[in-house]
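**Student:** sequence? don't have it. structure:
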């Protein structure tokens, strides 16, 4: 009798645990939606076995160019339990940045993600709110928030948690949504209900590969970072190599070509985050305005923007290079 009672009690505890995992996961997803995230998926915090050989090959072939920081923390990039000891779940989130208004035609272009306030701060604040909610409503949970600023393979985690698939341009794609969103994570020590990956929907399309002017997409889902316009205009601090002169198609900070040509991005809808709205003057700047931009104007227009990463001197370098000087 005692044995049967113990078994029944154990089964009851297991059922409660499963019910709690489901309930907590649903609570987190509801709060994420309230905070403005497009979607939320959850996966088990464990070693990313499939990503290990890809990352190793990427680094061995020097596709990171002069982005030496990508060689650091190799193990932590693949195993979140090394990054956040005791972690059990990776909560992946998407935040839309597709703008309602875009720059005028025939001007120097900056990537749409950099139109408004620096996403690192905007999205990180929302992640902190979500972590606070978890602690308030569920109990003491330890974890860290990440927004493209630590050794985390965010696209791999988002795909693992069912938020989309990694497209041929290596960006995350979501059916009926596209790819104009930020990917962020909470890595926490709370066990939750885990989502399943979705299927790939790129099919035989090669629009992104065909459109890349510097041929940076060297194979299906393989991008040579050292050939990417975003690398040259943001990451590279030295002079831009002359062999890519005339290939930037007026991009002076980042590049959206592979996203703009993607058929899935015809479904993109404008974001609702006021902080991502651009400075009004930036949208109407003609090429002459960019060429004559002063440091004072640069500081005013891009005061809290991700464009500050390239600094005034870097932006001027990019403009002069694209202009052919």
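**Tutor:** Alright, I've got the coordinates. Just so we're clear, the structure is a prediction, and the values are computed from it rather than from any experiment.
**Student:** buried residues in stretch 117-137?
**Tutor:** 117-119, 122-124, 126-127, 129-131, 133-134 (16 or more other C-beta atoms under 10 Å). To be clear about C-beta, it is placed using only N, CA and C from the backbone, and glycine gets the same treatment.
**Student:** next: stretch 293-308.
**Tutor:** For stretch 293-308, by 16+ other C-beta under 10 Å, it's 293, 298, 301-302, 305-308.
**Student:** how about stretch 37-54?
**Tutor:** By 16+ other C-beta under 10 Å, the buried positions in stretch 37-54 come out as 37-43, 45, 48, 51.
**Student:** can you list contacts of that stretch?
**Tutor:** Applying C-beta atoms under 8 Å, 6 or more residues apart in numbering, the contact partners of stretch 37-54 are 25, 28-29, 32-33, 78-81, 84, 87-96, 126, 153, 156-158, 160-163, 174, 177, 181, 187, 192-195.
**Student:** what of stretch 76-84?
**Tutor:** Applying C-beta under 8 Å, 6+ apart, the external contacts of stretch 76-84 come out as 45-48, 51-52, 55, 73, 75, 87, 90, 142-144, 150-153, 157, 187-189.
**Student:** just the ones of those residues in helices?
**Tutor:** 51-52, 55, 75, 157 (DSSP state H).
**Student:** farthest-separated two in these?
**Tutor:** 75 and 157 (15.8 Å; C-beta to C-beta).
**Student:** returning to that earlier point: would you mind listing which of the contacts of stretch 37-54 are buried?
**Tutor:** Among the contacts of stretch 37-54, those classed as buried by 16+ other C-beta under 10 Å are 25, 28-29, 32, 78-80, 84, 87-96, 126, 153, 156-158, 160-163, 174, 177, 181, 187, 192-195.
**Student:** got the end-to-end distance for stretch 162-175?
**Tutor:** End-to-end distance for stretch 162-175, by C-alpha to C-alpha, to the nearest Å: 11 Å.
**Student:** tell me which residues of that stretch come out buried.
**Tutor:** Buried, per 16+ other C-beta under 10 Å, within stretch 162-175: 162-174.
**Student:** same deal with stretch 136-145?
**Tutor:** For stretch 136-145, by 16+ other C-beta under 10 Å, it's 138, 141, 143-145.
**Student:** quick check, nearest of those residues to residue 104?
**Tutor:** residue 145 (36.2 Å).
**Student:** now that closest one. Nearest residue, chain neighbours left out?
**Tutor:** In space, and not counting its chain neighbours, residue 145 is closest to residue 127: 3.6 Å by C-beta to C-beta, 6 or more residues apart in numbering.
**Student:** ok, that neighbour touching residue 92?
**Tutor:** No: counting by C-beta atoms under 8 Å, residue 127 stays clear of residue 92, with 11.1 Å between them.
**Student:** between the two, what contacts are shared?
**Tutor:** Taking C-beta under 8 Å, 6+ apart as the contact rule, residue 127 and residue 92 both touch residue 184.
**Student:** break down the stretch 151-300 of the chain into its helices, ranges please.
**Tutor:** Listed in chain order, the helices of the stretch 151-300 of the chain (DSSP state H, counting those that start in this stretch) span residues 154-160, 207-211, 229-230, 257-260, 280-283, 287-291, 295-301.
**Student:** can you tell me which of those helices is nearest to residue 201?
**Tutor:** Among those, if distance is taken as C-beta to C-beta, the winner is helix 154-160, at 12.2 Å.
**Student:** which strands or helices does the closest one pack on?
**Tutor:** strand 39-44, strand 89-96, strand 165-166, strand 172-173, strand 181-188 (3 or more C-beta pairs under 8 Å, 6 or more residues apart in numbering; DSSP states H and E).
**Student:** which of these sits closest to residue 267?
**Tutor:** Closest approach to residue 267 among those (C-beta to C-beta): strand 172-173, 10.4 Å.
**Student:** and the closest one, what does it pack onto?
**Tutor:** Using 3+ C-beta pairs under 8 Å, 6+ apart: strand 172-173 touches helix 154-160, strand 165-166.
**Student:** OK, contacts around residue 209?
**Tutor:** Neighbours of residue 209 in contact, by C-beta under 8 Å, 6+ apart: 168-169, 217, 220.
**Student:** among the residues you listed, which two are most distant?
**Tutor:** Checked with C-beta to C-beta, the contacts of residue 209 reach their widest spread between 169 and 220, with 9.8 Å between them.
**Student:** go ahead and confirm residue 304 touches residue 119.
**Tutor:** No: with contact defined as C-beta under 8 Å, residue 304 does not reach residue 119; the gap is 10.7 Å.
**Student:** what number of residues lie near residue 62?
**Tutor:** Residue 62 is flanked by 12 other residues according to other C-beta atoms under 10 Å.
**Student:** which stretches of this structure have low pLDDT?
**Tutor:** Where the chain drops to pLDDT under 70, the residues are 1-17, 69.
**Student:** nearest to residue 269, out of the helices and strands packed on helix 154-160?
**Tutor:** For residue 269, the closest of those is strand 89-96, at 7.3 Å, according to C-beta to C-beta.
**Student:** show me how far the very next helix or strand once past the closest one is from its chain's centre.
**Tutor:** Sequence order places strand 109-110 as the next helix or strand after strand 89-96, per DSSP states H and E. Chain-centre distance of strand 109-110: 18 Å, with C-alpha atoms, centre = their mean, to the nearest Å.
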